[in-house]
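Engineer: coords please:
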Amino acid sequence: MDLIQEFSKYFSKIIGIDSMYTYLIISTMITIVVFYIIKKVGRNIIGKGDNRKKEFSINRGFQNFMLFVETLVIICIWSDYIKGFMTLISLLSATIALALRDLILNFCCGIFIKVKKIFSIEDRIEIKGIKGDVVNIKALNFEILEVNGEDISGQSTGVIINFPNSLIFSEPLKNYTKGFTYIWQEIDIPLSLNGDITKARHTIYKIVNNIDAIKNVPKKMENQIKNLVFSYRVYFNNYEPIVYTKMVDTHVELKLRYLVHPKNARIIESQIWEKILYEYKQGNICLTTSVQSVNITENKKEKKTKKGISKTKK
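Structural biologist: Purely as a prediction, here's the structure:
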């Protein structure tokens, strides 16, 4: 401490600033450097484990704790002089608040996100038409890892998008994993009118009920609904996969509806279609291409009509 004071006196003579303020500035800089080293070393020690998810949580808690301690130390260094600044700060507070209104709003919204749990890290959300998984929530902003595709079953694009926290008050936000982890996914399966529709339905039920990622979900979903009954007015009459039948133009459409985790939706859909195509080749499902053939026929008719009109004109 005496060494810092001596250096402050020497340095103050060079720059022409009071030695006391020089001492405060140097002490603050030393504090910042020391805590930076501590946080850096702590992050390296935490990062030696194998569980990345656990390491992220521990490192985040450690960094926040060290930032809190660092702030307290700096406040203690300047404690005798803070009171002198209060009058000046009170006069400038209105100007500062106006200049930093966006910063203050984002900070308050950050607290709101943390307290109300609007979303958490690893939640899949959609805001401003952009879908992604939340990878970080900071005091002023949050970041998501973008997923592609028009539906929520998309996969990561590798692009991290930064949003200001205040956006949660100005834009609607979809959270696909809050409350209940699973969502309803639907697949449209076109069948021929000449095929055995009943057999096809039984085959589709057999396919989905033999996929573990679907088979184990209904019970979990039912338990989640029971736990959320006091928070949300939500209920479902059925949690099991179900197949609906619908007549569409020249074919029958079976709509398969089932519960799935949003991050697994694309993989599960691919597995279902692979099994459906296999059963189609075995003759158990009567898939149709009638929609395509109808479109082709209509195009041919239009061409013939146009040719007939042109001949008439000639």
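
Engineer: buried residues in stretch 261-272?
Structural biologist: Neighbour-count burial for stretch 261-272 flags 261-266, 268-269, 271-272 (criterion: 16 or more other C-beta atoms under 10 Å). (Glycine included, C-beta is placed from N, CA and C.)

Engineer: could you give the average pLDDT over the helix or strand in which Arg201 is found?
Structural biologist: In the assignment (DSSP states H and E), Arg201 maps to helix 197-209. Across helix 197-209, the average pLDDT comes to 90.

Engineer: centre of the chain to it, how far?
Structural biologist: Relative to the centre of its chain, helix 197-209 is centred 34 Å away, using C-alpha atoms, centre = their mean, to the nearest Å.

Engineer: moving C-terminal of it, what's the next helix or strand?
Structural biologist: Downstream of helix 197-209, the next assigned helix or strand under DSSP H and E is helix 212-215.

Engineer: in terms of secondary structure, what does that next one contact?
Structural biologist: helix 197-209, strand 251-260, helix 265-281 (3 or more C-beta pairs under 8 Å, 6 or more residues apart in numbering; DSSP states H and E).

Engineer: of the ones you listed, which stretch is the most buried?
Structural biologist: Mean neighbour count (mean count of other C-beta atoms under 10 Å) peaks for strand 251-260 among those, with a mean of 20.

Engineer: and the contacts of that one?
Structural biologist: 182-193, 197, 200-201, 204, 208, 213-214, 217-218, 221, 239, 241-247, 268, 272, 288, 290-291 (C-beta atoms under 8 Å, 6 or more residues apart in numbering).

Engineer: what about burial for those, which qualify?
Structural biologist: Neighbour counting by 16+ other C-beta under 10 Å classes 182-183, 185, 187, 189-192, 197, 200-201, 204, 208, 213-214, 217-218, 221, 239, 241, 243, 268, 272, 288, 290 among these as buried.

Engineer: per-domain residue ranges of the chain.
Structural biologist: Annotated domains of the chain cover 2-99, 113-175, 183-292 [automatic domain parsing].

Engineer: distance check, Pro190 against Ile137.
Structural biologist: 43 Å (C-beta to C-beta, to the nearest Å).

Engineer: where does the residue most central in space within the chain fall, secondary structure wise?
Structural biologist: The geometric centre of the chain, computed from its C-alpha atoms, lies nearest to Asp133 (C-alpha atoms, centre = their mean), at 2.7 Å. Per DSSP H and E: Asp133 is located in strand 130-137.

Engineer: that strand packs against which elements?
Structural biologist: In terms of contacts (3+ C-beta pairs under 8 Å, 6+ apart), strand 130-137 is packed against helix 101-116, strand 124-127, strand 141-147, strand 156-164.

Engineer: buried stuff in the shortest one?
Structural biologist: Within strand 124-127, the residues that qualify as buried by neighbour count (16+ other C-beta under 10 Å) are 124-127.

Engineer: need the contact partners of it.
Structural biologist: With C-beta under 8 Å, 6+ apart as the test, strand 124-127 has contacts from 119, 131-134, 144, 147, 152, 163, 167-168, 171-177, 262-263.

Engineer: of those residues, buried ones?
Structural biologist: Counted by 16+ other C-beta under 10 Å, the contacts of strand 124-127 give 119, 131-134, 144, 147, 152, 163, 168, 175-177, 262-263 as buried.

Engineer: for Gly42, state which of those residues is nearest.
Structural biologist: Ranked by distance to Gly42 (C-beta to C-beta), the buried ones among the contacts of strand 124-127 are led by Val134 at 24.2 Å.

Engineer: and for Ile77, nearest residue in space, chain neighbours not counted?
Structural biologist: In space, and not counting its chain neighbours, Ile77 is closest to Ser27: 5.1 Å by C-beta to C-beta, 6 or more residues apart in numbering.

Engineer: doesn't that neighbour fall inside a helix?
Structural biologist: Yes. Under DSSP: H, G, I helix; E, B strand; the rest coil, Ser27 sits within a helix.

Engineer: and the gap between it and Leu72?
Structural biologist: 14 Å.
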